[in-house]
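Undergrad: what's the 3D shape of this:
(one chain, ligands or ions: 2)
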Amino acid sequence: MKIAFLASEAIPYVKTGGLGDVVGSLPVYLARLGLEVSLFLPFYLEVQEKKLPLTRAGEIIASWQGKEMVCPLWEYKTPEIRVFFIQNNAYYARTGIYGTSSGDHPDNGERFAFYSLFSLHALKTIGFKPDIIHAHDWQSAISLAYLRYLFKDDPFFDSIKSLFTIHNLAYQGIFPPEIIERIGLPSRVFNFREMEFYGRVNFLKAGLIYSDAISTVSPTYSREIQLPEYGFGLDGVLRERSQILFGILNGIDNSNWNPENDPLLPYHFSRSDLSGKKKCKAELIRLFNFPADSLDQPLAGMVSRLADQKGLDLLAASLENLFFLGLRVVILGQGDQKYQDLLLQLQKEKQKFLGVKIAFDEVLAHLIIAGSDLFLIPSRFEPCGLTQMYSLRYGTIPIVRAVGGLEDTIEEFDPVNLRGNGFKFKEYSAEALIKAVRRALDFYYQPHFWSSLIQNAMVADFSWERSAREYAQLYQLIKSFNH
Ligand code: ADP
Ligand code: GLC
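TA: Ligands and ions are numbered 1, 2, ... in the order given. Model (predicted):
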C-alpha cells in the first residue's frame with residue numbers, strides 16, 4: 001500500500017505544534033507496518049537552513065497563474081520514508097512558515113494552494129502513484145479540489161483515493177472569492193455544496209467535500225465537531241458525511257519522549273527511580289528564580305501555543321487562587337500578542353509563583369514536562385492534545401478540561417481503587433479549574449496516593465503502534481470504496 005502524505009509541517013524538519021509531531025512520526029510507524037510512505041513539504045527557509053544532505057529528485061514543470069513554472073524537487077531519504085521538498089523561494093524562503101508576530105502572511109492562500117497543486121504534480125515527476133493521498137488540515141485540503149477538477153482525466157491519477165484528516169477545525173483557510181481564479185480552480189467550485197462558505201472560499205471545506213473519507217484525531221472530537229458548539233460553521237457538512245467520518249487517537253513517539261534517555265534532559269529517571277525527576281524540578285526552579293524552598297511545593301507546568309483554544313483566559317483568572325493554594329506555575333508559550341503581554345504582566349506581579357518564557361524552546365519544553373508535578377491543559381476545545389500524553393510518560397499529572405482527546409486520554413483519579421491518571425473538569429470556568437487543582441493537591445500531599453498516580457501515569461501506553469494500525473485499516477477500507 002502506497003501513501004502520499006501532504007501536510008504543512010513535520011518533525012524533525014519544521015514544527016509549530018502537534019501537527020508537526022504527528023506528520024513526522026505517523027509515517028514512520030506506517031512504514032514499520034509495511035506501508036510505503038512519501039511525504040511532501042514546502043521547502044521553507046527554516047528547512048533550507050538545516051542544510052540537510054538532499055538529492056535533486058527532479059523538476060516539476062507545470063503552469064501557475066498563466067506562466068510555466070520550473071520548480072526544483074528535493075529528496076531526503078530516511079530509513080523508513082521518502083521526504084520531498086518543493087522549492088519556490090518566492091513563496092517559502094521567508095521568515096515564518098505561516099506568518100510572523102505581526103500576523104499571517106497575506107498570500108497564504110496562494111502559498112498553500114501552490115504547495116498542494118505542485119505536490120500532485122510531484123507524484124508524477126517521481127513516478128510515485130499512491131493508493132491513497134492523505135491530506136492534513138486546510139493547507140493541503142485544497143489538493144483534493146485539484147485532484148477532482150484538474151486531474152480527473154489524467155490516467156496517472158485514476159483510481160487514487162483520498163483521506164482528509166482534521167487536526168484542528170478552528171483553522172480553515174478562508175479567502176475572498178477572487179482567489180479561485182488566482183489558484184486555477186474552475187469558478188463552479190464556488191457554490192455552497194462545495195467550497196463557498198458565507199460568501200468566501202473555504203480551503204478546509206474542500207477536504208471535507210472532495211475526500212473519500214475524513215478522519216480526526218480523537219473519537220470524542222469526531223463527535224464534538226458535528227455539534228454547532230465545536231463545528232466552527234462546518235458541523236452541518238460533517239453531519240452529512242458522518243458515515244465516513246472516523247476518530248483515530250494520535251499516538252506519541254516513545255523514542256523522542258522517553259524519560260530514561262531523553263537527550264534534551266539534564267537528568268533521567270524511570271518508574272522505579274524518580275530521583276532524576278526531582279533534579280529536573282530543581283533545575284526548573286533555578287531557571288525561573290523561584291525561592292529555594294519551592295522544591296517541596298507543588299509545581300505545575302504548561303507548554304502551549306498561546307491561542308484562544310488553549311484556555312489562557314481561564315488560567316489567568318485562576319492564578320491568584322492557585323498561588324494561594326501553594327502552587328508554583330511555569331509557562332512556556334508563544335503566540336497571540338495579547339496572551340504574551342498578559343502572561344508577562346502577571347509574572348511581573350508574582351515572580352515568586354509564576355515563571356513565564358515566551359519562546360519556542362524544545363529543550364525547555366522537555367524540562368517542564370519532565371520536572372513539573374502537574375501539567376495544566378484548560379483548553380476550550382482540544383482535537384487531541386499531545387502534551388498530556390508526554391506528561392504522563394514523565395510522571396507529570398495532567399489537569400485537563402474534559403474535551404476532545406483530553407477526555408479520551410485522561411481518567412480522573414479514584415482513591416478507592418487507585419485507578420486513573422489525572423484530573424478533569426467539564427465546565428469552562430475558573431471555579432471548575434481551581435476545584436480540579438484542589439483535588440489534585442489533596443492527593444499531592446498524601447504520598448501513597450501520589451505515587452500510585454505517578455505509576456498509573458507512567459505505565460499508560462499511547463505509542464503510535466495501535467493508532468498506526470487503525471490508519472492502515474482505514475486505508476484498506478477506503479481502497480475498497482467504489483467511486
Ligand atoms: P497544538 O497542536 O494544538 O499546539 P498539541 O498538544 O497537539 O497542541 O501539540 C503541541 C506540540 O507543540 C507539543 O509537542 C508541544 O510540546 C509543542 N509546543 C507548543 N508550544 C511550544 C513552545 N513554546 N516551545 C516548544 N514546544 C512547544
Ligand atoms: C492540532 C490540535 C491538537 C492535536 C494536533 C495534532 O494542532 O490542536 O489538539 O493534538 O493538531 O493532531
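Undergrad: Could you tell me the per-residue confidence at A292?
TA: Note on A292: pLDDT of 84.
Undergrad: which non-adjacent residue is nearest it?
TA: Nearest residue to A292, sequence neighbours excluded (Cβ to Cβ, 6 or more residues apart in numbering): I285, at 7.6 Å. To be clear about C-beta, it is placed using only N, CA and C from the backbone, and glycine gets the same treatment.
Undergrad: residues in contact with the one you found?
TA: Contact analysis of I285 by Cβ atoms under 8 Å, 6 or more residues apart in numbering lists A292, S294, L295, L299, R328.
Undergrad: how near is it to S379?
TA: Distance, I285 to S379, using Cβ to Cβ, to the nearest Å: 26 Å.
Undergrad: got it, and S187?
TA: Using Cβ to Cβ, S187 is found at 39 Å from S379.
Undergrad: And those two? Which one has more around it.
TA: Using other Cβ atoms under 10 Å as the criterion, S187 and S379 rank with S379 on top: 25 against 9.
Undergrad: Could you confirm that one falls within a helix?
TA: No: counting by DSSP: H, G, I helix; E, B strand; the rest coil, S379 is located in no helix; its state is coil.
Undergrad: Output whichever strand or helix holds L73 as CSV, restricted to C-alpha atoms.
TA: L73 belongs to strand 67-77 when assigned by DSSP states H and E. C-alpha atoms of strand 67-77 as CSV (Å, rounded to 0.1, in the frame of the first residue of the first chain):
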residue,chain,number,x,y,z
LYS,A,67,3.1,31.0,-16.5
GLU,A,68,5.1,27.9,-16.9
MET,A,69,7.0,27.2,-13.6
VAL,A,70,10.0,25.1,-13.1
CYS,A,71,10.3,24.0,-9.5
PRO,A,72,13.2,22.0,-8.1
LEU,A,73,12.1,19.0,-6.1
TRP,A,74,14.5,17.8,-3.4
GLU,A,75,14.6,14.5,-1.7
TYR,A,76,15.7,13.5,1.7
LYS,A,77,15.9,9.7,2.2
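Undergrad: Return the set of buried residues in that strand.
TA: Within strand 67-77, the residues scored as buried using 16 or more other Cβ atoms under 10 Å are C71, P72, L73, W74, Y76.
Undergrad: same deal with stretch 54-65?
TA: Within stretch 54-65, the residues scored as buried using 16+ other Cβ under 10 Å are L54, A57, G58, I60, A62, W64.
Undergrad: got the CA positions of that stretch in PDB?
TA: The C-alpha coordinates for stretch 54-65 follow below in PDB (Å, rounded to 0.1, in the frame of the first residue of the first chain):
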ATOM      1  CA  LEU A  54      19.400  16.500  -0.100                       C
ATOM      2  CA  THR A  55      19.400  15.000  -3.600                       C
ATOM      3  CA  ARG A  56      17.700  16.600  -6.600                       C
ATOM      4  CA  ALA A  57      14.700  14.300  -7.400                       C
ATOM      5  CA  GLY A  58      13.800  16.300 -10.500                       C
ATOM      6  CA  GLU A  59      12.000  19.400 -11.600                       C
ATOM      7  CA  ILE A  60       8.300  19.900 -11.500                       C
ATOM      8  CA  ILE A  61       7.200  21.700 -14.700                       C
ATOM      9  CA  ALA A  62       3.700  23.000 -14.600                       C
ATOM     10  CA  SER A  63       1.600  26.100 -15.100                       C
ATOM     11  CA  TRP A  64       0.800  28.500 -12.400                       C
ATOM     12  CA  GLN A  65      -1.100  31.800 -12.800                       C
END
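Undergrad: about what we covered before: so the helix or strand following the strand holding L73 versus strand 67-77, what angle?
TA: Later in the chain than strand 67-77, the nearest helix or strand by DSSP H and E is strand 82-86. Angle of strand 82-86 versus strand 67-77, following axes from the mean of the first three to the mean of the last three Cα atoms, to 10 degrees, is 150 degrees.
Undergrad: which secondary structure elements does strand 82-86 contact?
TA: Helices and strands touching strand 82-86, by 3 or more Cβ pairs under 8 Å, 6 or more residues apart in numbering; DSSP states H and E, are strand 36-42, strand 67-77, helix 108-126.
Undergrad: could I get these as CSV with mean pLDDT and distance to G405?
TA: Shown next, in CSV, are the helices and strands packed on strand 82-86 (pLDDT from 0 to 100; distance: least, Cβ to Cβ, whole Å):
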stretch, mean pLDDT, distance to G405
strand 36-42, 98, 23
strand 67-77, 97, 30
helix 108-126, 98, 25
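Undergrad: can I get those in TSV with distance to ligand 1?
TA: TSV is the format used below for the helices and strands packed on strand 82-86 (distance: least, Cβ to the nearest ligand atom, whole Å):
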stretch	distance to ligand 1
strand 36-42	17
strand 67-77	21
helix 108-126	18
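Undergrad: residues in contact with whatever residue of the stretch 51-200 of the chain ends up closest to ligand 2?
TA: Nearest residue of the stretch 51-200 of the chain to ligand 2 (Cβ to the nearest ligand atom) works out as H167 at 3.4 Å. H167 is in contact with G18, L19, V22, H136, D137, T216, V217, P383, C384, counting by Cβ under 8 Å, 6+ apart.
Undergrad: What is the three-state secondary structure of the residue lying closest to V22 once chain neighbours are set aside?
TA: Spatial nearest neighbour of V22, chain neighbours left out: N250 (5.5 Å); criterion: Cβ to Cβ, 6+ apart. What three-state DSSP gives for N250 is coil.
Undergrad: Would you mind confirming that N250 makes contact with L406?
TA: No: distance between N250 and L406: 11.8 Å, which falls outside the contact criterion (Cβ atoms under 8 Å).
Undergrad: Any idea how many residues pack against A300?
TA: A300: 24 neighbours (other Cβ under 10 Å).
Undergrad: That one is in what secondary structure piece?
TA: Using DSSP H and E, A300 falls within strand 299-306.
Undergrad: chain center to that strand, what's the gap?
TA: Distance, stretch centre to chain centre, for strand 299-306: 15 Å (Cα atoms, centre = their mean, to the nearest Å).
Undergrad: Quick one: check it for contact with ligand 2.
TA: No: judged by Cβ under 6 Å from any ligand atom, strand 299-306 and ligand 2 are separated, with a smallest distance of 7.8 Å.
Undergrad: counting contacts, what elements does that strand pack onto?
TA: With contacts defined as 3+ Cβ pairs under 8 Å, 6+ apart, strand 299-306 has these neighbours: helix 275-287, helix 312-324, strand 328-335, helix 337-349, helix 362-371, strand 374-377, helix 387-393.
Undergrad: For the fourth one, buried residues please.
TA: So the one you mean is helix 337-349. Y339, Q340, L342, L343, L346, Q347.
Undergrad: Specify which member of those is nearest to I179.
TA: Y339 (29.8 Å; Cβ to Cβ).
Undergrad: Can you pull the residues of the protein lying near ligand 2?
TA: Neighbours of ligand 2 within the chain, by Cβ under 6 Å from any ligand atom: 17-19, 22, 167-168, 217, 250, 382-386, 405.
Undergrad: go again using 8 Å as the cut-off
TA: For the chain, the residues in contact with ligand 2 (Cβ under 8 Å from any ligand atom) are 17-19, 21-22, 137, 165, 167-168, 170, 217-218, 221, 250, 305, 309, 379, 382-386, 404-405.
Undergrad: Pick out the residue of this protein closest to ligand 1.
TA: Closest point on the chain to ligand 1, by Cβ to the nearest ligand atom, is G18, at 2.1 Å.
Undergrad: Now that we're looking at the closest residue to ligand 2 within the stretch 1-150 of the chain, what pLDDT does it have?
TA: Closest residue of the stretch 1-150 of the chain to ligand 2, Cβ to the nearest ligand atom: G18 (2.9 Å). Looking at G18, its pLDDT reads 97.
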